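Undergrad: Have a look at this prediction, sequence included:
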Amino acid sequence: MSMFKDIPVEVGVIFEGERIRRNDMQVELGGPKVDQKFEIAKVKPMDQIEDGKVVIVGPDLKDLKEGGEYPLGILIEAAGAQLDPGLEGVIERRLHGYLNYIEGFMHLNQRYDIQIRLGKKSFQKGLNTFEIIGKVLYRLFKNELPIIEKLQITFITDISKIGSLYTDALASYEARDAKARGLKDNEVPEFYGCVLCQSFAPSHVCVITPQRYSNCGAISWHDGKASASIDPKGPIFAIPRGDVINEEKGEFSGVNEAAKKRSMGEVTKVWLYTAFDHPHTSCGCFEAVTFYIPEVDGFGIVHRTFKGVTVNGLPFSTLADSTAGGRQIDGFHGMSLEYMRSSKFFAADGGWNRVVWVPKEVKEKVKDFIPKDIIGKIATEDDAKGIDDLKTFLKEKNHPIVAKWTTEEAPATEAETEATPVMTASTLPISAGGFKIILTDAKIYASKVVIKKDESKTEKR
Ligand code: SF4
């Protein structure tokens, strides 16, 4: 049932998580093929905002060719006696939820990396102008965040106007992130959780701490605090830290309890500073994926906008599919780029000493936070295109991981061989006899593993 009678499509939480496939889309706004796209919120003085105004700069939805991909900037300008710029990140991230409430309108990712699709059916029903999208956003923002007293929304599709606004937006994101650096996890009594992405990943709960930015890179600990205080019943909530169970791995009793409650029992244990055993869950709008490379016992990292394949031969999309959906996958981790600037970045796994391959664009972005003695020893796509290249590079540079190989390459004793599991998983679902069995903290041992193609299934297709 639609919330608004004068809007030609339905609007409601029921549409969150709706996927629009390429064949069903009228247009795509932003997305991987468009270089400059953004969404940003700005808090302004009252007299600079015309309440309810929607501005469209450039071609409107009805002017865009069916099936095309176009640049888009969304500028939300808000004013209110209690509003301050510290709330800009919170207001901005609400776009993800509110735009997804609109039937046939899909919003993915965040900040400089948005990907939006309008479905053909909704377009045909009359959702053919940004004016309507603006009207819906205006009402949802005003209803759900009464602290906003005045709001105006601008949609920019004119490519000649996007460039300078895009540059300004990038500077604003960086200023926000820089402000959030410095505070330590053990200096605060509370962390914050976010379940905004559960519409796409039902068991996902972001745990946002001073030293672990949200997966999307759009919500800092300060943003979490601000959001929970202005909208305590909203998707962002306080998590009392509780007892420290394991300081090295980043296990806290309060985090385990919150993850269990908010994931409906699916996730019972979260280790914040490691990619192994009980890593943080990964939703789908993370900025980058960390992937374990067993051949060198190190981590590769790839960001969403990386074009081509990584050092293990897989593109971002395949690696993202392997970790997304709210799961905890041993050795895989969806994360923000800002987490790479934290001193808790995979601290339990060796931190930067465990990283062996990173795209040069990412390396450049976080170079000031990589220890000086390791930065030249981490390969990029220019140094290694495959695992053999990577091994050669790491040996030549004497990357710290190479010292570990020497130990591990020593002939294993019989006892050691027997103790190596063929598979480990924090939760492993198995279906048998009509029952779903979930093994927790499973380690599976086998003297021999045989993988066979199921010919009967192949024939049926
Ligand atoms: S990635 Fe995490 S913090 Fe960001 S919107 Fe999704 S659940 Fe919230």
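TA: Arrived safely, thanks for sending. Numbering: from 1, shown residues only.

Undergrad: Does the residue lying closest to Glu28 once chain neighbours are set aside lie in a helix or a strand, and which?
TA: Excluding the flanking residues, the one nearest Glu28 by Cβ to Cβ, 6 or more residues apart in numbering is Glu69, at 4.5 Å. Heads up, the C-betas are built off the backbone N, CA and C, glycines and all. If you go by DSSP states H and E, Glu69 is part of strand 68-70.

Undergrad: do Lys395 as well
TA: Assigned by DSSP H and E, Lys395 belongs to helix 387-397.

Undergrad: returning to that earlier point: the strand holding Glu69: how far from the chain's middle?
TA: With Cα atoms, centre = their mean, to the nearest Å as the basis, strand 68-70 stands 23 Å off its chain's centre.

Undergrad: before we move on, what about stretch 95-106?
TA: Distance, centroid of stretch 95-106 to centroid of chain: 17 Å (Cα atoms, centre = their mean).

Undergrad: What of stretch 31-46?
TA: Centroid displacement of stretch 31-46 relative to its chain, using Cα atoms, centre = their mean, is 17 Å.

Undergrad: likewise stretch 296-316?
TA: Distance, stretch centre to chain centre, for stretch 296-316: 16 Å (Cα atoms, centre = their mean).

Undergrad: buried set for it?
TA: 296, 298-306, 309-312, 314, 316 (16 or more other Cβ atoms under 10 Å).

Undergrad: got a pLDDT number for Lys457?
TA: pLDDT for Lys457: 41.

Undergrad: how close does the residue nearest the centre of the chain sit to the ligand?
TA: Residue closest to the average C-alpha location in the chain (Cα atoms, centre = their mean): Phe286, at 1.7 Å. Remark: distance between Phe286 and the ligand (Cβ to the nearest ligand atom, to the nearest Å) = 7 Å.

Undergrad: near the ligand, which residues of the stretch 51-200 of the chain show up?
TA: By Cβ under 6 Å from any ligand atom, the residues of the stretch 51-200 of the chain that approach the ligand are 93, 96, 194, 196-197.

Undergrad: Would you mind listing which of those residues are buried?
TA: With burial judged by 16+ other Cβ under 10 Å, the buried subset of those is 93, 96, 194, 196-197.

Undergrad: Narrow these to those in helices?
TA: Applying DSSP state H to these, the entries found in helices are 93, 96.

Undergrad: now the buried ones among the residues of the stretch 51-200 of the chain next to the ligand as TSV including distance to Ala238 and pLDDT?
TA: Shown next, in TSV, are these (distance: Cβ to Cβ, whole Å; pLDDT from 0 to 100):
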residue	distance to Ala238	pLDDT
Arg93	17	94
His96	20	95
Cys194	11	96
Leu196	15	91
Cys197	18	91
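
Undergrad: Over to Gly298: give its phi and psi.
TA: Per-residue torsions, Gly298: phi -130, psi 180 (degrees, to the nearest 10).

Undergrad: show me the contacts for it.
TA: 292, 354-357, 394, 399, 401 (Cβ atoms under 8 Å, 6 or more residues apart in numbering).

Undergrad: For beta bridges, what are the partners of it?
TA: Ile293 (DSSP bridges).

Undergrad: Quick check, pLDDT for it.
TA: Here the pLDDT value assigned to Gly298 is 97.

Undergrad: Looking at this structure, which helix is longest?
TA: Identified as the longest helix of the chain according to DSSP H is helix 159-180.

Undergrad: got the buried residues for that one?
TA: So helix 159-180, judged by 16+ other Cβ under 10 Å, has buried residues 162, 165-166, 169, 172-173, 176-177, 180.

Undergrad: One more: stretch 285-293?
TA: For stretch 285-293, by 16+ other Cβ under 10 Å, it's 285-293.

Undergrad: circling back: for Pro59, state which of the buried residues of helix 159-180 is nearest.
TA: Distance to Pro59 across the buried residues of helix 159-180 (Cβ to Cβ) is lowest for Ile162, with 12.3 Å.

Undergrad: roughly how far apart are that closest one and Gly350?
TA: For Ile162, the distance to Gly350 equals 41 Å [Cβ to Cβ, to the nearest Å].

Undergrad: Right, I'll leave it there.
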